[in-house]
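Asks: Predicted model and sequence follow; I will ask about them next.
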Amino acid sequence: LAEDAAKRRSAAQAMEASEREAAERAEADANEALQAAQRHLEEAEKASAEAEKAKQKRLEVESEVQRQLEAAQQAEREAAAHKESAERAQAEARAAQSQRVEA
């Protein structure tokens, strides 16, 4: 009877030890998974920040291109106005010269 009780106690202790080991392994696995998830989160946050920086840079470049385009268009308008003014002055000079020739 005592021998049976000792065997049952031994078997129960072995089962408890096995369950403890399994629980410890599960906890270690969970900790590893948590650490991996944290690393992935940090990498995702870093990639997101880099993407945001790239987006900002693209917007800055687009804004600068737009500014330069507007400046070029303004320069074209000013050049056209100067050309028109020069053509008028030339026509007026020719008219004045032909009046002098007639006089």
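Replies: That came through, no problem. Numbers count the residues shown, from 1 in each chain.
Asks: per-residue confidence at Ala2?
Replies: As predicted, Ala2 sits at a pLDDT of 86.
Asks: what's around it, how many residues?
Replies: Ala2 has 6 neighbouring residues, counting by other Cβ atoms under 10 Å. Placement of C-beta: from N, CA and C, glycine included.
Asks: do you know how far it is from Ala54?
Replies: 77 Å (Cβ to Cβ, to the nearest Å).
Asks: go on, Ala75?
Replies: For Ala75, the distance to Ala54 - Cβ to Cβ - is 31 Å.
Asks: what does Glu21 give?
Replies: Applying Cβ to Cβ to Glu21 and Ala54 gives a distance of 49 Å.
Asks: can you check Lys7 too?
Replies: For Lys7, the distance to Ala54 - Cβ to Cβ - is 70 Å.
Asks: what does Glu92 give?
Replies: 57 Å.
Asks: can you check Arg39 too?
Replies: For Arg39, the distance to Ala54 - Cβ to Cβ - is 22 Å.
Asks: Over to Ser63?
Replies: Taking Cβ to Cβ, one finds Ser63 at 15 Å from Ala54.
Asks: now do Arg20
Replies: 51 Å.
Asks: What of Ser10?
Replies: 65 Å.
Asks: same deal with Glu84?
Replies: Applying Cβ to Cβ to Glu84 and Ala54 gives a distance of 45 Å.
Asks: which SSE is the residue most central in space within the chain in?
Replies: Centroid-nearest residue in the chain: Ala51, 1.9 Å away (criterion: Cα atoms, centre = their mean). Assigned by DSSP states H and E, Ala51 belongs to helix 2-102.
Asks: now that helix, how far from the chain's geometric center?
Replies: 0 Å (Cα atoms, centre = their mean, to the nearest Å).
Asks: and what of stretch 93-103?
Replies: Distance, centroid of stretch 93-103 to centroid of chain: 68 Å (Cα atoms, centre = their mean).
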